[in-house]
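**Q** Make a model of this:
(one chain, ligands or ions: 2)
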Amino acid sequence: MTQTENVPVAAPTDQPPLLSARHVTMRFGGLVAVDNVDFDVYPGEIMGLIGPNGAGKTTFFNCLTGLYRPTSGRVMFNGATLPPKPGKVVRAGVARTFQNIRLFANMTALENVMVARYCRTSSGPLTSILRGPKFRREERQTRARAEELLDFVGLPEAADSLARNLPYGDQRRLEIARALATDPKLLLLDEPTAGMNPQETRQAEELILKIRDQGLAVITIEHDMRFIFNLCDRVLCLVQGRSLALGTPDEVQSDPRVIEAYIGTGPETEPGSDVGSDVGSDVGSTGGREEDADA
Ligand SMILES: Nc1ncnc2c1ncn2[C@@H]1O[C@H](COP(=O)(O)OP(=O)(O)O)[C@@H](O)[C@H]1O
Ligand SMILES: [Mg+2]
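**A** Ligands and ions are numbered 1, 2, ... in the order given. All right, here's what the predicted structure looks like:
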């Protein structure tokens, strides 16, 4: 069932959605970057978000993570309106990674994960300064959890390496470990495989499946169509801020509007012709080196 614009897709489970976006619109002056988007994500679901460069994907993520307050519309998470501040959104259970990696370059991998964990520890500033027994106990637990997470994302050897010295693919995995340290229910990944080689991309796929198996829901933006259609339960395609198609990978992949949005309709690609299987497998990839719209 391919969706027409802004028609919510039928619930894939009988559970209520974890996240619901209704009529979410984000304007920058005269530009409508996200235009009246409806979107639900259910517990344990892997959702893909695709669309050409400038389609509004990152802006939509920013609306779902409290970085932007939508110009209109609303976002519900876990039955409540999403709090309007990134810190509160993280504490509510939503974590993300960025299109441009944002790590503390001069901290070790372990420290990067430990820092993220502090949103879940109770030590206030005074406890931290006095470094009493409660602080030391929490510090030990934080370190143990951070080590566990480095192991989980496949970086057990990287704990003491400075983030900036890690290979690119490892930095992306470290960002995921750092997001997981906040104990999210929903993880948003903005181009998690940008700049990765095919082997790293496969490892990232496996990691995302493993994350879902822990009970998390995942939304991933990606230009690599093979990655999206292998991995995702459902896919939303945004074009010029609007929801163009929403459905299973098969539905979206064979939707002529999606094909047209990606490759245009040249003389050799008639609308509706069966070119869905190679909807440009890496069309428009930024390779992770393009400036983040939210930077
Ligand atoms: N902070 C901003 N101020 C003004 N325009 C923005 C801002 N962020 C994004 N845009 C514009 O909104 C549109 C969508 O951008 P973006 O969400 O980054 O797209 P995508 O992630 O799909 O490539 C683009 O035209 C971009 O230039
Ligand atoms: Mg983007």
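**Q** ok, how many other residues are close to T81?
**A** Counted with other CB atoms under 10 Å, residues neighbouring T81 total 9. Placement of C-beta: from N, CA and C, glycine included.
**Q** Identify the residue nearest it in space, chain neighbours excluded?
**A** Nearest residue to T81, sequence neighbours excluded (CB to CB, 6 or more residues apart in numbering): R74, at 6.2 Å.
**Q** I figured F227 hits E200, correct?
**A** No - if you go by CB atoms under 8 Å, F227 and E200 don't touch, sitting 11.1 Å apart.
**Q** Neighbour count for these two, which is higher?
**A** Taking other CB under 10 Å, F227 and E200 do not tie; F227 has more neighbours (23 against 17).
**Q** A strand includes that one, no?
**A** No - per DSSP: H, G, I helix; E, B strand; the rest coil, F227 lies outside any strand segment and is helix.
**Q** and the gap between it and D190?
**A** Relative to D190, F227 is positioned 14 Å away (CB to CB, to the nearest Å).
**Q** about what we covered before: now the common contact residues for F227 and E200.
**A** When contacts are counted by CB atoms under 8 Å, 6 or more residues apart in numbering, the set common to F227 and E200 consists of T193.
**Q** and the residue nearest to T81, what helix or strand is that in?
**A** Using DSSP states H and E, R74 sits in strand 72-77.
**Q** Residues of the stretch 101-250 of the chain that sit close to ligand 2?
**A** If contacts are counted using CB under 5 Å from the ion, no residue of the stretch 101-250 of the chain sits beside ligand 2.
**Q** quick one, helices of this structure?
**A** 57-64, 86-92, 109-117, 125-130, 133-152, 168-180, 198-213, 225-231, 249-253, 256-263 (DSSP state H).
**Q** Out of the ones you listed, which one sits most buried?
**A** Across the helices of the chain, averaging neighbours per residue (mean count of other CB atoms under 10 Å) puts helix 57-64 on top, at a mean of 25.
**Q** Give me the contact list for that helix.
**A** For helix 57-64, the external contacting residues (CB under 8 Å, 6+ apart) are 19, 21, 24, 26, 33-34, 37, 49-51, 68-70, 75, 82, 94, 96, 99, 188, 190, 219, 221, 238, 241, 292-294.
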